[in-house]
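Trainee: Pasting a predicted model and its sequence here:
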Amino acid sequence: MTINTLNPLYPNKDSNCASWGQLHGCAQDLLIANAAKEYKGLIVVVTPDSQSAYSIKDNVNFFLGADDKGIKNQQVHIFPDWETLPYDVFSPHEDLISDRLKTLSQLHTIKQGVLIVPVATLMQRLPPVDYVRANTLMFKQGDTLDIEVFRSQLQESGYRNVTQVMEHGEYSTRGSLIDLFPMGNDKPYRIDLLDDEIETIRSFNPEDQRTIEIINNIELLPAHEFPLNKPGIEKFRENYSTRIGGDLARSQIYDNVSSGNAPSGIEYYLPLFFDSTATLFDYFPEKTLIINTDSTKPSAETFSKLIDDRYEQRRHDIERPLLEPKDLFLSKEELFATVENYKRVDAHHFEQQVNSDNSEYSHNYPVHILPSLMIQGRSETPLVLFQQFLQQFNNELSSKSKGRILFTADSAGRRENLVGLLRDNRYTVDVVKDWQDFIDSDAEIALTVAPIEQGLWTEQDIGSFAIIPEASLFGQQKVQQKRYRQKPTRDADTIIRNLTDLTEGDPVVHEEHGVGRYQGMEMITAGGVEQEFI
């Protein structure tokens, strides 16, 4: 039973821009996945914030699956934000820097794939394109390695010498063994030398330090997005003197970098390490399609205002003078002008006006918002709303075949609960492995595990279908509460990934202290150092 899963419309030869409208629910993510299977180049999806970026990635991965007809999940990348506020005195976590450097090192090699980036992150200035490539080292079994020279290389690349390697950017040496957690890698490695030759390279578990498997080669990325070697420090000192100046003896930043250290918040002095900086646009391959999701322009304007406000608040600190916003970020005007140089798609949830002049590159998709399907727990027929929707769904189809429905559950356990509920109410339901399995099957009602939070239904001549997440039946709050109870440890996907996504007064949940409201940031002196705290 064939279904049409929505066909993406691309900019034509006469226009740089196409427009997708009426993308309710997860229709936008389904279109992005379908475009990724067809488009021979890099698709850059610009989102309003970090939270939506990770949600889109999960959904796109689900719709892509792992079939041999399209690209694989590992070719859907996120370029993560630093997760700090502009001009913050905190440095990003090493894992974020690792993901960013890995993505920057791979972008020029991507022939087909998806890069998802929050608009505020897209506005950041980055190290020059050749910095990552020039400072990447490759090692393989059998190579000659002078351990003292290698230690110096690691130090100059910003790696930290520790007694036990646990996190990205750390290394330790014990006799002929070198433990190393390279940036851009998921696991640390143990290099075993025989004299000055690499005898074996093995990955190991940082928790118990036990080796896992033999690796043929490793790629060593720099530990920072800036060079902390001798030439880098000299360039920093030179630029600091000419561009910032002032009393160098009173500058903590200048003193720390001069000593070869990377003080907290040094990332907001990145341009001083180079003659010139780049932006993420400079890393894109030649054939790049940009997809702007809803609210990216308002988010860019809000972030620009935040940058200016933070600069005005902090620029009078003599001990920590700041670079101007234009040195660290693209202005919103520069951002919008640069985006217009690319083939792009504007994706909207609302219905757009389409006339004869723009019909070739604008299209409203036949996607509808799901009606209320909440279970009526006290009714004799708890699925009465779903029953009414199913009747309407099938009656309104213009084709002779019935539409098809896919339910999604958050986990295997909740999937089994939902299967039982549907079968208890006399609905025949087939469990499918993934989206592709649903498409290939003939099931009229199917169920799978997927991260979908917002459903949809389409009305088409060929292959109408509906996607119904369990939240539509049980309510979003109940589903999330169940998820939290099942995961006593911290779930990275539920953490606020960017403080710029918060506004004062927003409700928040602290891991240990429970429910509260975000009241902004406050300067507090702790241990003799004044820093910013929530």
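Mentor: Great, that's in hand.

Trainee: Tell me how many other residues surround residue 232.
Mentor: Counted with other C-beta atoms under 10 Å, the neighbours of residue 232 add up to 22. No exception for glycine: its C-beta is placed from N, CA and C like everyone else's.

Trainee: any idea which helix or strand comes after whichever strand or helix holds it?
Mentor: Per DSSP states H and E, residue 232 falls inside helix 230-243. Downstream of helix 230-243, the next assigned helix or strand under DSSP H and E is helix 252-258.

Trainee: what packs against that next one?
Mentor: Helix 252-258 is packed against helix 230-243, with contacts defined by 3 or more C-beta pairs under 8 Å, 6 or more residues apart in numbering; DSSP states H and E.

Trainee: tell me which helix or strand of this structure sits lowest on mean pLDDT?
Mentor: helix 476-486 (a mean of 43; mean pLDDT, DSSP states H and E).

Trainee: which secondary structure element contains residue 178?
Mentor: Secondary structure assignment for residue 178, by DSSP H and E: strand 177-180.

Trainee: That strand: which residues count as buried?
Mentor: Along strand 177-180, these residues count as buried under the neighbour rule (16 or more other C-beta atoms under 10 Å): 178, 179, 180.

Trainee: Distance to residue 427 added to those residues, as CSV?
Mentor: What follows is the buried residues of strand 177-180, written out as CSV (distance: C-beta to C-beta, whole Å):
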residue, distance to residue 427
178, 60
179, 55
180, 55
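
Trainee: of these, closest to residue 17?
Mentor: residue 180 (46.1 Å; C-beta to C-beta).

Trainee: what's across from the spatially most central residue of the chain in the sheet?
Mentor: Residue closest to the average C-alpha location in the chain (C-alpha atoms, centre = their mean): residue 78, at 3.3 Å. Beta-bridge pairing for residue 78 (DSSP bridges): residue 116.

Trainee: distance of it from residue 346?
Mentor: For residue 78, the distance to residue 346 equals 21 Å [C-beta to C-beta, to the nearest Å].

Trainee: name the helices or strands packed onto the helix holding residue 232?
Mentor: The contact analysis (3+ C-beta pairs under 8 Å, 6+ apart) places helix 230-243 against helix 252-258.

Trainee: How far does the helix it packs on sit from its chain's centre?
Mentor: Remark: helix 252-258 is offset 32 Å from the chain centroid, using C-alpha atoms, centre = their mean, to the nearest Å.

Trainee: now do stretch 439-449
Mentor: Stretch 439-449 sits 29 Å away from the centroid of its parent chain (C-alpha atoms, centre = their mean).

Trainee: Same check on stretch 313-321?
Mentor: On the basis of C-alpha atoms, centre = their mean, stretch 313-321 sits 32 Å off its chain's mean C-alpha point.

Trainee: what comes into contact with the helix or strand harbouring residue 133?
Mentor: Residue 133 is part of helix 129-134 when elements are defined by DSSP H and E. Contacting residues not belonging to helix 129-134 are listed as 101, 104, 105, 108, 221, 222, 225, 227, 274, 278, 282, 283 [C-beta atoms under 8 Å, 6 or more residues apart in numbering].

Trainee: mind running it again at 7 Å?
Mentor: Defining contact as C-beta atoms under 7 Å, 6 or more residues apart in numbering, one finds that helix 129-134 is touched by 101, 104, 105, 221, 222, 278, 282, 283.

Trainee: and after the strand or helix carrying residue 289, which helix or strand comes next?
Mentor: Remark: residue 289 resides in strand 288-292, with elements defined by DSSP H and E. Next in sequence after strand 288-292, counting helices and strands by DSSP H and E, comes helix 296-314.

Trainee: who's the closest residue to residue 328 other than its chain neighbours bridged to?
Mentor: Excluding the flanking residues, the one nearest residue 328 by C-beta to C-beta, 6 or more residues apart in numbering is residue 125, at 5.6 Å. Residue 125 forms beta bridges with residue 279, as assigned by DSSP bridges.

Trainee: Correct me if wrong: residue 125 contacts residue 279.
Mentor: Yes: between residue 125 and residue 279 there is a contact at 6.0 Å, judged by C-beta atoms under 7 Å.

Trainee: CA atoms only for stretch 377-387 - export them in PDB, please.
Mentor: The C-alpha coordinates for stretch 377-387 follow below in PDB (Å, rounded to 0.1, in the frame of the first residue of the first chain):
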ATOM      1  CA  GLY A 377     -10.700   7.600  30.700                       C
ATOM      2  CA  ARG A 378     -14.100   7.600  32.300                       C
ATOM      3  CA  SER A 379     -16.000   6.800  29.100                       C
ATOM      4  CA  GLU A 380     -17.100   3.300  28.000                       C
ATOM      5  CA  THR A 381     -15.300   4.000  24.800                       C
ATOM      6  CA  PRO A 382     -12.000   5.700  25.900                       C
ATOM      7  CA  LEU A 383     -10.800   6.000  22.200                       C
ATOM      8  CA  VAL A 384     -14.000   7.700  21.000                       C
ATOM      9  CA  LEU A 385     -12.100  10.800  19.700                       C
ATOM     10  CA  PHE A 386      -9.700   8.600  17.800                       C
ATOM     11  CA  GLN A 387     -12.700   6.700  16.400                       C
END
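
Trainee: For residue 372, give me phi and psi.
Mentor: Per-residue torsions, residue 372: phi -60, psi 130 (degrees, to the nearest 10).

Trainee: Does residue 166 touch residue 206 like I think?
Mentor: Yes: between residue 166 and residue 206 there is a contact under C-beta under 7 Å: 4.8 Å.

Trainee: Output the longest strand belonging to the chain.
Mentor: With DSSP state E setting the assignment, residue counts place strand 197-204 as the longest strand in the chain.

Trainee: Pull the residues that contact it.
Mentor: Residues contacting strand 197-204 (C-beta under 7 Å, 6+ apart): 139, 141-145, 187-193, 210-215, 218.

Trainee: again with stretch 227-237
Mentor: With contact meaning C-beta under 7 Å, 6+ apart, stretch 227-237 is reached by 135, 156, 158, 226, 257, 258, 260, 262, 272, 273, 274.

Trainee: Identify the residues contacting the first one.
Mentor: Contacts for residue 135 (C-beta under 7 Å, 6+ apart) come out as 157, 222, 227.

Trainee: That one and residue 231, how far apart?
Mentor: From residue 135 to residue 231 the distance is 11 Å (C-beta to C-beta).

Trainee: likewise the third one?
Mentor: Here residue 158 is placed at a distance of 14 Å from residue 231 (C-beta to C-beta).

Trainee: So these two - more neighbours on which side?
Mentor: Between residue 158 and residue 231, counted using other C-beta under 10 Å, residue 158 has the larger neighbour count: 21 against 10.

Trainee: Quick check: that one vs residue 135, distance?
Mentor: Between residue 158 and residue 135 the distance is 10 Å, computed by C-beta to C-beta.

Trainee: Now for those two: what residues contact both?
Mentor: Residues touching both residue 158 and residue 135 by C-beta under 7 Å, 6+ apart: residue 222.
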